[in-house]
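Participant: Below are the sequence and a predicted model; questions follow.
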Amino acid sequence: MKRFNLLWTSLLLLVAWQALALLVQRDILPGPLPVFRAFFSEMGGELGGHFLASAWRVLASLLLSIALAAPAGLVLGQSQALNRIFSPLIYILYPIPKVVLVPVVMLFLGINDLSKIVMIFLILFFQILVLVRDQAAAIRPELIYSVRSLGAGRRGLFKYVYFPATLPAILTAVRQSIGSAVAVLYIVELIATTRGLGYYIYLYGTTLYDYTKMYAGVMAMSLLGLVLYFAADLLHRKLCPWQFQVSEGSL
Amino acid sequence: MIQAHALTFQYGKQPPIFQDFSWQVEAGDSWAVIGASGCGKSTLLYLLAGLRQPTGGQLLIHGQPILRPRPQTGLILQDYGLLPWATLRQNVTLGLDLRRFYGPDSRHAPPEALAADAPARVRHWLDRLGLNAVADQFPGQVSGGQRQRAAIARTLVLQPDLLLMDEPFASLDAPTRESLQSLVLELPGERPLTTILVTHTIEEALLIGGKVLVLQNHTNITPLVLTNPFRGCQPPVVDAAYTQLTTRIRAELRDANS
């Protein structure tokens, strides 16, 4: 994606927003200018604190899910026997909309950061697990044979084959599930908390009726998703350069 | 160097591919193994590489059973087996990286410490195989011939005394195939090296193999070994004995198929 295109698209969206605001002429849809003004002044104060609280929850669940799902996916991808045992379980659990478990998780873990982190973790965990597992299983046996013939044992294979082979899968999974992670973040922050962007948006939208600030909150939440998405994309490009080269032959 | 004593191998409950198969390879020999697909050519190579274990009998190299890949054995496969995420240079260095990673433990690496000139060998082989210009590209960016050259360089950097090749040139264009075949012919003259090449073409078997092992489609019990005086002779070879040899192999392969 060219930066230039991204810039133009953003501008176009802003123009459309402004046009819509002028057309609607109601306080429930302020134009981008007042919202931006509110966003920048609030980010230095109240909104900034909520942003950090939300960012911490998403980042913690991201790290937790990578730390647990990536090794589990690797093991399942390598071992057909283990995969045979666990794949029906994953098959059943994977499509369950995890967000319906919000009350259950809160009942068990309480109304604290942990339950919120665990909720987002549940979404990310399965996404990463499945992608890493499939990636590890797709490594061609010929590749393993030749690296073993060069002297690699289990540790060597992990370091030189399995880890680099599954890195793109981890980053792809993260990128793909950031949208749902932030969506669930919003939902868990509606419930029994006074910190986080979800709370902020809901408070200003439905209790204090300060729509400009509500939109500033929406913007902050979008920014959180965008920054994480960009970061995952950037890491993918930096850490997996071979996937972004123009190729002469096919892989 | 290699001794198979009453070697037996079968996959699960299928009929054995080898049964009481006894065979010997002298150090320095160049062998070609030929047979139709499914006859066990690759299986024999994987057994020699330590990637499969015999279900019966013994397979020894220098008197030692092969329980795991032996550090002094090089393996080259048809589909290159390069790491897609590493440049050709990094791929060629991989064997040395693994030796540094494990240290001279005589399991994953030879008992001797890595020679000081080892990194120079990477440059030497990249240079000799004409890979300098593409050394910093990824395998996905270069041609099949360049990938196979990199796979060969990667193996030769480790200075093996036994080189196993599983149809290494089958998917290459003719000029690349011919230059790599010449390389395989030259190598044993440069260092003590035993080569075993698995192929399905008679011409290639007779070009590379001083001895040719013909495998049958059913269970192999007695090895059929032909001595080939035409090693190194580029086809077309016009000689009655050569024609006789090809006719014999063709007949054996046809019998094996029926």
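Facilitator: Perfect, thanks for sending it.
Participant: Please count neighbours and contacts with C-alpha atoms only from this point.
Facilitator: Fine.
Participant: what helices or strands is the helix or strand containing A:Arg84 leaning on?
Facilitator: Applying DSSP states H and E as the criterion places A:Arg84 in helix A:80-93. Judged by 3 or more CA pairs under 8 Å, 6 or more residues apart in numbering or on different chains; DSSP states H and E, helix A:80-93 is in contact with helix A:46-78.
Participant: can you give me the angle the helix it packs on makes with helix A:80-93?
Facilitator: Orientation check (axes from the mean of the first three to the mean of the last three CA atoms, to 10 degrees): helix A:46-78 against helix A:80-93 gives 140 degrees.
Participant: Which positions in helix A:46-78 come out as buried?
Facilitator: A:47-52, A:54-55, A:57-58, A:60-62, A:64-66, A:69-78 (16 or more other CA atoms under 10 Å in any protein chain shown).
Participant: Tell me the helices and strands packed up against that helix.
Facilitator: helix A:32-43, helix A:80-93, helix A:113-137, helix A:163-188, helix A:197-202, helix A:211-239.
Participant: what stretches of the stretch 151-258 of chain B score poorly on pLDDT?
Facilitator: B:256-258 (pLDDT under 70).
Participant: Can you show me the strands along it?
Facilitator: Counting by DSSP state E, counting those that start in this stretch, the segments of the stretch 151-258 of chain B that form strands are B:162-166, B:194-199, B:211-214, B:224-227.
Participant: For these, could you give me CSV that also reports mean neighbour count and distance to chain A?
Facilitator: What follows is the strands of the stretch 151-258 of chain B, written out as CSV (neighbours: other CA atoms under 10 Å in any protein chain shown; distance: least, CA to the nearest CA, whole Å):
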stretch, mean neighbour count, distance to chain A
strand B:162-166, 24, 10
strand B:194-199, 25, 15
strand B:211-214, 23, 23
strand B:224-227, 15, 27
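Participant: For A:Gly198, find the nearest of these.
Facilitator: strand B:162-166 (60.2 Å; CA to CA).
Participant: Okay, angle between the closest one and strand B:194-199 too, please.
Facilitator: 0 degrees.
Participant: Just the C-alpha atoms of strand B:162-166, please, in PDB.
Facilitator: Output of strand B:162-166 as PDB, limited to C-alpha atoms (Å, rounded to 0.1, in the frame of the first residue of the first chain):
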ATOM      1  CA  LEU B 162      29.500 -38.900   1.500                       C
ATOM      2  CA  LEU B 163      27.100 -37.000  -0.800                       C
ATOM      3  CA  LEU B 164      23.600 -38.300  -1.200                       C
ATOM      4  CA  MET B 165      21.500 -36.900  -4.100                       C
ATOM      5  CA  ASP B 166      17.800 -37.600  -4.700                       C
END
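Participant: List the pairing partners of that strand within its sheet, with orientation.
Facilitator: strand B:73-77 (parallel), strand B:194-199 (parallel) (DSSP bridges).
Participant: tell me the contacts of residue 129?
Facilitator: Reading this off chain A. For A:Leu129, the contacting residues are A:Ala69, A:Ala70, A:Ala72, A:Gly73, by CA atoms under 8 Å, 6 or more residues apart in numbering or on different chains.
Participant: hm, I was asking about chain B
Facilitator: B:Arg149, B:Ala150, B:Ala153.
Participant: Nearest to A:Ala169 among these?
Facilitator: B:Ala150 (26.3 Å).
Participant: Let me know the closest of the contacts of B:Leu129 to B:Leu82.
Facilitator: B:Ala150 (8.0 Å).
Participant: Give me the distance between that closest one and chain A.
Facilitator: 13 Å (CA to the nearest CA, to the nearest Å).
Participant: What distance do you get for the nearest residue to A:Tyr186 once chain neighbours are set aside to chain B?
Facilitator: If you skip the residues right next to it in sequence, A:Tyr186 has A:Gly198 as its closest partner in space, 4.4 Å away by CA to CA, 6 or more residues apart in numbering or on different chains. In this view, A:Gly198 and chain B are 40 Å apart by CA to the nearest CA.
Participant: quick revisit: quick check: which of the strands of the stretch 151-258 of chain B is nearest to A:His236?
Facilitator: Nearest of those to A:His236, taken as CA to CA: strand B:162-166 at 34.8 Å.
Participant: Let me see the residues that make contact with that closest one.
Facilitator: Here strand B:162-166 makes contact (CA under 8 Å, 6+ apart) with B:42, B:45, B:49, B:72-78, B:193-199.
Participant: Pipe the helices and strands packed on helix A:46-78 into a markdown table and attach distance to B:Asp239 and mean pLDDT per row.
Facilitator: Below are the helices and strands packed on helix A:46-78 laid out as a markdown table (distance: least, CA to CA, whole Å; pLDDT from 0 to 100):
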| stretch | distance to B:Asp239 | mean pLDDT |
| --- | --- | --- |
| helix A:32-43 | 88 | 94 |
| helix A:80-93 | 53 | 91 |
| helix A:113-137 | 51 | 92 |
| helix A:163-188 | 51 | 90 |
| helix A:197-202 | 86 | 95 |
| helix A:211-239 | 58 | 94 |
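Participant: Out of the contacts of A:Leu129, flag the one nearest to chain B.
Facilitator: A:Ala70 (18.4 Å; CA to the nearest CA).
Participant: contacts for stretch A:52-60?
Facilitator: Counting by CA under 8 Å, 6+ apart, residues outside stretch A:52-60 touching it are A:Asp113, A:Lys116, A:Ile117, A:Ile120, A:Ala181, A:Val182, A:Leu185, A:Arg195, A:Gly196, A:Leu197, A:Leu224.
Participant: Skip the chain neighbours and tell me the closest residue to the second one.
Facilitator: This means A:Lys116. A:Val188 (6.0 Å).
Participant: roughly how far apart are that neighbour and chain B?
Facilitator: In terms of CA to the nearest CA, A:Val188 sits 39 Å off from chain B.
Participant: residue contacts, that residue?
Facilitator: With the criterion set at CA under 8 Å, 6+ apart, A:Val188 makes contact with A:Val102, A:Lys116, A:Met119, A:Gly198.
Participant: just curious, which of these is nearest to chain B?
Facilitator: Of these, the one sitting nearest to chain B (CA to the nearest CA) turns out to be A:Met119, at 34.0 Å.
Participant: residues touching the closest one, list them.
Facilitator: So A:Met119 contacts A:Lys98, A:Val99, A:Leu101, A:Val102, A:Val105, A:Val184, A:Val188 (CA under 8 Å, 6+ apart).
Participant: top of the residues you listed by neighbour count?
Facilitator: When neighbours are counted by other CA atoms under 10 Å in any protein chain shown, A:Val188 leads the contacts of A:Met119 with 25 neighbours.
Participant: can you pull the contacts of B:Val237?
Facilitator: Contacts of B:Val237 (CA under 8 Å, 6+ apart): none.
Participant: next one: A:Ser65
Facilitator: So A:Ser65 contacts A:Phe121, A:Leu122, A:Leu124, A:Phe125, A:Ile128 (CA under 8 Å, 6+ apart).
Participant: Next, count neighbours for the fourth one.
Facilitator: By the other CA under 10 Å criterion, the neighbourhood of A:Phe125 contains 26 residues.
Participant: Repeat that for the last one.
Facilitator: Here the count is done by other CA under 10 Å, and A:Ile128 has 27 residues near it.
Participant: Does it touch A:Val174 like I think?
Facilitator: Yes. Under the criterion of CA atoms under 8 Å, A:Ile128 makes contact with A:Val174 at 7.0 Å.
Participant: Minimum distance to chain B, which residue of the stretch 1-150 of chain A gives it?
Facilitator: For the stretch 1-150 of chain A, CA to the nearest CA, closest residue to chain B: A:Leu143, 4.2 Å.
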